[in-house]
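Student: give me coordinates for this.
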Amino acid sequence: MPARILSIPFVLGAILFLFLAWEAHSSYSIYVVPFVIALAFIYILSPQINWWWWTRRPPDMPPKLRGLLERHLPYYQHLADPEKLRFRRRVRLYMEANDFMAKGMDEVTEDLKAVAAICAVQLTFGRKDFLLSKFEHLIFFPQPFPSPQYPKNYHASEIYEEDGAILFSAEQLMKGFLEPHNFYNIGLHEYAKVFERSYPEFGFPPLTEDHWLELQQISGFSQAWIQQWINLDPIPLRPVSIVHFFTWPAAFQAQLPELYAAYARLFNQSPGKAGTPVLGELV
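Tutor: Next up is the predicted model:
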């Protein structure tokens, strides 16, 4: 952590003058005070210090987490090498910028953090601001869970806008990411909802109930199956359509060319395009 590195000389200075106060003369103790004050400021400002450092020297993902992209994410595999590096750096920055909390489990593992961050970065890869900062609290349960919003439903995911929180079942999140053609990706689903709420001024294209059948033809997932997988009623159509846009881009473009073009403009990217999905400059 950059803030911890910055604090090292102040820790050593405080220790030095404490030693002198103990061994030589007690008057040296007064010189400890500035070092303690500096350390307190570093502690308070450590998130800002760390973020300032990371945005200027963005870290890459460690090799173990990078394997999630290389083995399981066609979206990433189609990127040109410079875009792959930018994608990995954004994932790592997202992991550092947000608050990850475990409920009913010992900790949020690094692969869970990475999968959630990957889903977010996919949606925002065409934008300069990629953090979706209105929702910075990510809460993970080991399996489907009830919540104050849905106390009777053991469900896989939800967002709680008042607290800026996104809630996931770790089991369903990982299955949807690792096997997107067998299980619906709740990570993309919830971040699609977050994206829509983060940018209410955007002109989202209209949808009709007929789109449910067309989306089923693309993925094989029926409206009833997705609803059962998440276990909330009703399931909004908008995020489901966005999940399909990112997960099955070629089939989506063939089945729904006008909606594909509208989403490509909205997200400033064409996920089925080889080399780089971003359309022009970041917006």
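Student: going by C-alpha atoms from here, please, whenever you check contacts or count neighbours.
Tutor: OK.
Student: mind splitting this structure into its structural domains?
Tutor: Here the domain assignment for the chain is 2-55, 62-267, based on automatic domain parsing.
Student: which stretch among those comes nearest residue 282?
Tutor: Minimum separation from residue 282 across the domains of the chain (C-alpha to C-alpha) falls at domain 62-267, 4.9 Å.
Student: pLDDT on that closest one, on average?
Tutor: For domain 62-267, mean pLDDT rounds to 95.
Student: relative to the whole chain's centre, how far out is it?
Tutor: Taking C-alpha atoms, centre = their mean, to the nearest Å, one finds domain 62-267 lying 9 Å from the centre of the chain it belongs to.
Student: and the end-to-end length of it?
Tutor: When the termini of domain 62-267 are compared using C-alpha to C-alpha, to the nearest Å, they are 27 Å apart.
Student: sorry, back to before: output the domains of the chain as JSON lines; include the columns distance to residue 277 and mean neighbour count.
Tutor: Listed next are the domains of the chain as JSON lines, based on distance: least, C-alpha to C-alpha, whole Å; neighbours: other C-alpha atoms under 10 Å:
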{"stretch": "domain 2-55", "distance to residue 277": "23", "mean neighbour count": "15"}
{"stretch": "domain 62-267", "distance to residue 277": "7", "mean neighbour count": "18"}
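Student: TSV for the ones you listed, including distance to residue 278?
Tutor: Conversion of the domains of the chain to TSV gives the following (distance: least, C-alpha to C-alpha, whole Å):
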stretch	distance to residue 278
domain 2-55	21
domain 62-267	5
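Student: show me where this protein has helices.
Tutor: Listed in chain order, the helices of the chain (DSSP state H) span residues 2-23, 32-44, 46-56, 63-72, 74-77, 81-97, 110-124, 170-178, 186-198, 210-219, 223-230, 237-247, 249-255, 257-267.
Student: wait, which of those is closest to residue 138?
Tutor: Using C-alpha to C-alpha, the helices of the chain put helix 110-124 closest to residue 138, at 8.6 Å.
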